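> no sequence for this one, just the structure:
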Ligand code: DC
């Protein structure tokens, strides 16, 4: 099987729509590789921050992105992320690193530098790619493309639940407002704006369970003849 024949399921959409959980479950069920492209932007932001590089220094940040010494190690509890020998699995999930990630993700040279690294995840028997531009930029030939959304209110409620379960206090209206502002920024940015590919299937998970979303994607995978 050549790289181009290796099937890809491209799953794009805003944060909070359930992409991460759905993609991890599908990858485990199918035994396929998982590309968490957001993690690459998070790692780049963290690596640049640690090296004291200004996040608006596009060429310096893109050099960091091109030379990332990162490993993804599958374990029974999920994928461990190792940056230059240091386990950064939990660090990259913090709000602080999320903010670094969104700044570096807006730089075209950084996106270019990470392009081949993302495509390198395409290896048999297949790959589930989770991101914002998987179907529109990175894997334009993916046989299955999904755009997973949920209302801003529902994504706010999910985020509120996650935070309060961790003992972090939060304001639901403020979270929903943040999500709306971020949607607006992500959809209108000049480089790789968040939008469904023309041939993507839209799934609105607002009133769906994770299982229902996974079943719907699996049906698309079957219909496409990939399994
Ligand atoms: O999905 P996430 O929250 O881990 O993504 C982190 C940041 O990277 C977020 O600001 C969106 C951005 N991102 C992107 O621009 N393109 C991708 N393919 C994945 C993430």
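Great, that's in hand. What you see is a predicted model; the values in this text were computed from it and never measured.

> check which helix or strand covers the closest residue to the ligand within the chain.
Minimum separation of the chain from the ligand (CB to the nearest ligand atom) falls at residue 38, amounting to 2.3 Å. Just so you know, the C-beta spots here come from the backbone N, C-alpha and C atoms, and that holds for glycine as well. If you go by DSSP states H and E, residue 38 is part of helix 37-50.

> near the ligand, which residues of this protein are found?
Residues of the chain found near the ligand (CB under 6 Å from any ligand atom) are 15, 37-38, 41-42, 98, 101-102, 105, 131-133.

> dump the residues you listed into a markdown table; add pLDDT and neighbour count as well.
Output for the residues of the chain next to the ligand, formatted as a markdown table (pLDDT from 0 to 100; neighbours: other CB atoms under 10 Å):
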| residue | pLDDT | neighbour count |
| --- | --- | --- |
| 15 | 87 | 19 |
| 37 | 97 | 20 |
| 38 | 97 | 19 |
| 41 | 97 | 27 |
| 42 | 97 | 25 |
| 98 | 90 | 15 |
| 101 | 94 | 20 |
| 102 | 90 | 19 |
| 105 | 94 | 24 |
| 131 | 97 | 27 |
| 132 | 96 | 24 |
| 133 | 96 | 23 |
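
> and the two most separated of those residues?
Maximum pairwise distance among the residues of the chain next to the ligand (CB to CB): 17.4 Å, between 98 and 133.

> list the contacts of the nearest residue to residue 51 once chain neighbours are set aside.
Setting aside the residues directly before and after it, residue 51 is nearest to residue 64 in space (CB to CB, 6 or more residues apart in numbering), at 6.7 Å. Listed by CB atoms under 8 Å, 6 or more residues apart in numbering, the contact set of residue 64 reads 44, 47-48, 51, 53.

> and what of residue 100?
Residue 100 makes contact with 42, 45-46, 48-49, 55, according to CB under 8 Å, 6+ apart.

> was I right about the residue of the chain closest to the ligand contacting residue 101?
Yes - the criterion here is CB atoms under 8 Å, and residue 38 meets it with residue 101 at 6.9 Å.

> tell me the angle of the helix or strand where the residue nearest to residue 51 lies relative to helix 37-50?
Residue 64 belongs to helix 58-66 when assigned by DSSP H and E. Helix 58-66 runs at 120 degrees relative to helix 37-50, counting by axes from the mean of the first three to the mean of the last three CA atoms, to 10 degrees.

> now do whichever helix or strand comes after helix 58-66, average pLDDT.
Following helix 58-66 in sequence order, the next helix or strand is strand 70-75 (DSSP H and E). Strand 70-75 carries an average pLDDT of 92.

> can you list the buried residues in strand 70-75?
Neighbour-count burial for strand 70-75, counted by 16 or more other CB atoms under 10 Å, picks out residue 72.

> check which helices and strands the next helix or strand after it sits against.
Beyond strand 70-75 on the C-terminal side, the first helix or strand identified by DSSP H and E is strand 78-83. Packing contacts for strand 78-83, counted by 3 or more CB pairs under 8 Å, 6 or more residues apart in numbering; DSSP states H and E, involve helix 37-50, strand 70-75.

> quick one: list the elements packing against the longest one.
With contacts defined as 3+ CB pairs under 8 Å, 6+ apart, helix 37-50 has these neighbours: helix 58-66, strand 70-75, strand 78-83, helix 95-105, helix 108-119, strand 127-131.
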